[in-house]
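[1] Predicted model and sequence below, questions to follow.
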Amino acid sequence: MIPSPIPASRLLVILDPDYGERLREVPSGQPTWITMSPVNEPVIRSLWALRSDSSQLTGITGFSYQKDASPADRFLQELDTIDLHHGPYSSDAPYTELEVVGAQLTPSVRSALAKIGFSEFRNTPSGFIALRSDEEAITRRD
């Protein structure tokens, strides 16, 4: 069976500091942001070497790990940067689906996502999924 292509509009954000080797199961081409914790960093660097043809829109982006910050706070600290890199300023097909692993959908997270057009939210066993329309995804905000 040939795997279906990953929609360019789907983004994965991993805040779980112990995600580690599970990152290898994420399909090549899936844009992924992941915290550079001591457990995750060696796997991230290994995959960077293996997938050297990836771009910001198709590869793995590591961001700083702050041990004392809550996962929700870490997510909120990165959200503007994530949106800048995968939103209407950087992509002809801005992301419309955001899957977050390792953080819960707190009121502050929901509010921040709503400000950039996300209106549908689903909790998952490991975090949540947020969705926005194509129209909301292409809207440029100040």
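    It's in. These figures come from a predicted structure and were not determined experimentally. Residues are numbered from 1 along each chain as shown.

[2] Run through who's touching stretch 46-55.
    For stretch 46-55, contacts defined as CB atoms under 8 Å, 6 or more residues apart in numbering pick out 23-24, 28-29, 59-60. All C-beta spots, glycine's among them, are computed from the backbone N, C-alpha and C.

[3] Could you pull up the mean pLDDT of it?
    Computed over stretch 46-55, the mean pLDDT rounds to 80.

[4] and residue 79, what does it touch?
    Counted by CB under 8 Å, 6+ apart, residue 79 has contacts 112-113, 116.

[5] Okay, it and residue 15: tell me how far apart.
    Distance of residue 79 to residue 15, given as CB to CB, to the nearest Å: 11 Å.

[6] I would like the residues contacting the helix or strand of the chain with the lowest mean pLDDT, please.
    For the chain, counting by mean pLDDT, DSSP states H and E, helix 134-138 ranks last in confidence among helices and strands (a mean of 90). Contacts of helix 134-138 with the rest of the structure, by CB under 8 Å, 6+ apart, involve 9, 87-88, 94-96, 116-119.

[7] ok now it, how far from the chain's centre?
    Put simply, helix 134-138 sits 17 Å off its chain's centre (CA atoms, centre = their mean, to the nearest Å).

[8] before we move on, back to that, for the contacts of residue 79, which one is nearest residue 127?
    Residue 127 has its nearest neighbour among the contacts of residue 79 in residue 113, at 12.6 Å by CB to CB.

[9] The closest one - that's part of a helix, no?
    Yes - under DSSP: H, G, I helix; E, B strand; the rest coil, residue 113 sits within a helix.

[10] tell me which element residue 12 falls in.
    Under the criterion of DSSP states H and E, residue 12 resides in strand 10-14.
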